[in-house]
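Peer 1: Got a predicted structure plus its sequence, pasted below:
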Amino acid sequence: MYIQQKINKKRVSLAIVTAILVAFTAYVSLTPSQSTQTAQNETKSTTSVATSNASPKALIASATHQIQSSTEPEPDPQPVVKVFSGKIGKGETASTLLNKWLTKAEVYELASTTKKTFRLTKIRRGRPFRVTTIDGDFTQFEYEIDNDQCLSVTKSDDGFVAKCKDIKYDITTERIHGVINSNLYEAIANAGEKAALAARIGDIFGWEIDFIRDIRKNDNFTVVVEKRFREGKFQGYGKILAARFVNQGNTHEGYYMKDKDGFTQYYTAEGKNLRRAFLKAPLKFSRISSKFSKHRLHPVLKTYRPHNGIDYAAPRGTPVSAIGNGKVIKIARSKAAGKYVKIRHSNGYESGYLHLSRFAKGLRVGKKVKQGQTIAYVGATGLATGPHLDFRMKKNGKYINPAKAINPRAPKATKAQIAILKEKVKLLDPVKDTAQTPNQAVDNAV
């Protein structure tokens, strides 16, 4: 809106200047004799610009009127609008980027304006940006914070104005089905989809199914998911509106809905929340290399001793997730455990993550973490024969088997929500009306 207003202002200014020049040229070019002749011919010509006795103001008004009323006006010079787009480069900051169009003082003013909206110190490598100029003058800076939000900073006569806006996509809704042969990622790829969809399915059913231990051949899934497009190009997945996973003959279903606090939840048709206090595993997809045991031969020390956790074999650098909401109580390194993190949860529970390669950026003692948040990365520090995660849990100070920990559900849906959920079951039903497209069937169910 502001860019268009600025263009219109430039057009009006150019028109006024043109009118003044035309009028002034006509006024100063008239000789006395020409002025007399003009006065004599006044009754013969109603289109003359002015007489020698006319004031400059009258000349300007007359010339302006002729310009505006001309049936074939000269085209106004068009302001030159340029858009510079790209992605934030390695080591690039807001200052180094914007210094191409703004002075240091202006960059500082712009950064100060955005503080309450989005701090420019948080811009990340690889994120898209756009800078718009009009006739070489900076007008707007846009930075895509994530796949949903965009920072927009516009320069006005009063300074800079910053706001966050939703990124607009063209949305299609598709029903996708697949059968497991060896693992979920492979099944997703065989269905012609991206790996990100496998991770999203894992997030929904992560409390019901251990995708490391529980998956079997011929398990199958069906999801109804939004796909995002911009300028015809696929930009990722939106909401998974409904999902079904059949695991070892047991059917699990989840339907998307916001809870009373506005947080995304997945419920069964009966209103049970799929989310629980703890994830079934701190890694999305891996394998167990050693179980919880009171008498295990240590692979390095070659002595029998208790193994107070579960070992998950995974490549070095695999993200490690907090199994539940809590507070970080220790970040340290020891000879045996290597780099490790401890988190305190509610109801007397603690979780520990050992043999890490590194900690997540910004992680510190006392920081609150959310369930599923990346806290560290798999490594082989301490007494370890290879990269893996040694995951441990305590209840009231005593080690417990994480696989057998009591795991209560999150609050269930309200009665009003349950009525809506029963309608959403139709999302996963086969499209029986051949005249309907899958999108129409989804629309009718929602």
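Peer 2: Here it is on my side, so go on.
Peer 1: mind checking the longest strand of this protein?
Peer 2: Longest strand in the chain by number of residues (criterion: DSSP state E): strand 233-247.
Peer 1: Return the set of buried residues in that one.
Peer 2: Residues of strand 233-247 classed as buried: 237, 238, 240, 241, 242, 243, 244, 245, 246, 247 (neighbour count, 16 or more other CB atoms under 10 Å). All C-beta atoms are positioned from the backbone trio N, CA, C, and that covers glycine.
Peer 1: Tell me if I'm right that the last one and residue 213 touch.
Peer 2: Think residue 247. No. Using CB atoms under 8 Å, residue 247 and residue 213 do not qualify as a contacting pair, with a distance of 10.8 Å.
Peer 1: Low-confidence regions, the stretch 201-350 of the chain specifically.
Peer 2: Along the stretch 201-350 of the chain, segments meeting pLDDT under 70 span 285-287, 289, 291-305.
Peer 1: go again using 90 as the cut-off
Peer 2: Scanning the stretch 201-350 of the chain for pLDDT under 90 picks out the ranges 203, 206-214, 231, 258-264, 275-281, 283-310, 313-314, 324-325, 336, 346-347.
Peer 1: list the helices and strands the helix or strand hosting residue 175 packs on?
Peer 2: Element membership of residue 175, judged by DSSP states H and E, is strand 170-179. On a contact count with 3 or more CB pairs under 8 Å, 6 or more residues apart in numbering; DSSP states H and E, strand 170-179 meets helix 184-190, strand 220-230, helix 438-445.
Peer 1: Report the mean confidence score over the last one.
Peer 2: Meaning helix 438-445. In this model, helix 438-445 has a mean pLDDT of 46.
Peer 1: Likewise for the shortest one?
Peer 2: When pLDDT is averaged along helix 184-190, the result is 94.
Peer 1: how far is the helix or strand following it from where the chain is centred?
Peer 2: Beyond helix 184-190 on the C-terminal side, the first helix or strand identified by DSSP H and E is helix 195-205. Counting by CA atoms, centre = their mean, to the nearest Å, helix 195-205 is centred 17 Å from the centre of its parent chain.
Peer 1: And for stretch 81-99?
Peer 2: 19 Å.
Peer 1: ditto for stretch 174-185
Peer 2: Taking CA atoms, centre = their mean, one finds stretch 174-185 lying 25 Å from the centre of the chain it belongs to.
Peer 1: Now do that stretch: everything it contacts.
Peer 2: 186-188, 190-191, 193, 195, 197-198, 201-202, 211, 215-225, 227, 285, 428, 431, 438-439, 442 (CB atoms under 8 Å, 6 or more residues apart in numbering).
Peer 1: Can you give me the first-to-last residue distance of it?
Peer 2: 18 Å (CA to CA, to the nearest Å).
Peer 1: Give the buried residues for that stretch.
Peer 2: Result for stretch 174-185 [16+ other CB under 10 Å]: buried residues 175, 176, 178, 180, 183, 184, 185.
Peer 1: do the same with stretch 307-324
Peer 2: In stretch 307-324, counting by 16+ other CB under 10 Å, buried: 307-314, 318, 320-324.
Peer 1: Residue 169: which of those residues is nearest?
Peer 2: Checking the buried residues of stretch 307-324 against residue 169 by CB to CB gives residue 321 as the nearest, at 27.4 Å.
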